[in-house]
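Asks: Here's my sequence, what's the structure:
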Amino acid sequence: MIRPLILAVICAALSFGQDAPKPIEPEKKAAIMHLLNSMHTTQLMRSQMEMMLPNLIKLMKGNPNISEKFADAFGDRFLADLSNDDLAAIVVQSYADQFSTDEIKSLLAFYDSPIGKKLVEVQPKLLAELGPKLQKYGENLGRTTAEKVLKEHPEYIKNNGGAGAPPQF
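Replies: Just a heads-up that it's a prediction; the model follows:
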């Protein structure tokens, strides 16, 4: 039940950018594009999507209704169809909706400064270091949360005909 839900959420999230974009004044759009280039935003978004893809493929392969060949082909096609231009268009629209032209220019001043450039330079390394740490934290939090819920509500465990012990986390 949870796997199809995760796939549906991911597909829905990817489709949000398909709405008709609101017009953006040319000066603001140019400033946003400069900002995105300065921040390497499109590359970071692409990297994030590429990093989540193996987990999605693994979930697909765990679904008895999806063949492993489909999951592998999906992964290959997803990467082939992943468009930097589409990613940029989605981000440009979001930035345009959230920031004024003056605010974009202020962000540009930061990202074009030495410390802003350093942030852009080290950010991939920071994210790479944080990924496993956050995953471990999430696993530990999930385990302790599940244990607490089960301790408070043992009735939530499916009995499996009395044959099984409570799940171990």
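Asks: Next one: residue 106 from residue 88, what distance?
Replies: Distance, residue 106 to residue 88, by CB to CB, to the nearest Å: 21 Å. The C-beta positions use only the backbone N, C-alpha and C, and glycine is treated the same way.
Asks: Looking at these two, which is more packed in?
Replies: Counted by other CB atoms under 10 Å, residue 106 and residue 88 do not tie: residue 88 has more neighbours, with 17 against 13.
Asks: Determine the three-state secondary structure at the more buried one.
Replies: helix (DSSP: H, G, I helix; E, B strand; the rest coil).
Asks: How about the contacts made by the nearest residue to it once chain neighbours are set aside?
Replies: Nearest in space to residue 88, with sequence neighbours left out and distances taken as CB to CB, 6 or more residues apart in numbering, is residue 42 at 5.0 Å. Neighbour list for residue 42: 36, 84, 87, 88, 91 [criterion: CB atoms under 8 Å, 6 or more residues apart in numbering].
Asks: pull the CA atoms of the host helix or strand of residue 42 into PDB?
Replies: Using DSSP states H and E, the element containing residue 42 is helix 41-61. What follows is helix 41-61, C-alpha atoms only, in PDB (Å, rounded to 0.1, in the frame of the first residue of the first chain):
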ATOM      1  CA  THR A  41      20.500  25.400  -8.700                       C
ATOM      2  CA  THR A  42      19.600  23.400 -11.700                       C
ATOM      3  CA  GLN A  43      22.600  21.100 -11.200                       C
ATOM      4  CA  LEU A  44      21.800  20.700  -7.600                       C
ATOM      5  CA  MET A  45      18.200  19.800  -8.400                       C
ATOM      6  CA  ARG A  46      19.300  17.300 -11.000                       C
ATOM      7  CA  SER A  47      21.700  15.700  -8.600                       C
ATOM      8  CA  GLN A  48      18.900  15.400  -6.000                       C
ATOM      9  CA  MET A  49      16.600  13.800  -8.400                       C
ATOM     10  CA  GLU A  50      19.400  11.400  -9.600                       C
ATOM     11  CA  MET A  51      20.100  10.600  -5.900                       C
ATOM     12  CA  MET A  52      16.400   9.700  -5.200                       C
ATOM     13  CA  LEU A  53      16.100   7.600  -8.300                       C
ATOM     14  CA  PRO A  54      17.800   4.400  -7.000                       C
ATOM     15  CA  ASN A  55      15.400   4.400  -4.000                       C
ATOM     16  CA  LEU A  56      12.400   4.800  -6.400                       C
ATOM     17  CA  ILE A  57      13.700   1.900  -8.600                       C
ATOM     18  CA  LYS A  58      14.200  -0.200  -5.500                       C
ATOM     19  CA  LEU A  59      10.600   0.500  -4.400                       C
ATOM     20  CA  MET A  60       9.400  -0.400  -7.800                       C
ATOM     21  CA  LYS A  61      11.400  -3.700  -7.800                       C
END
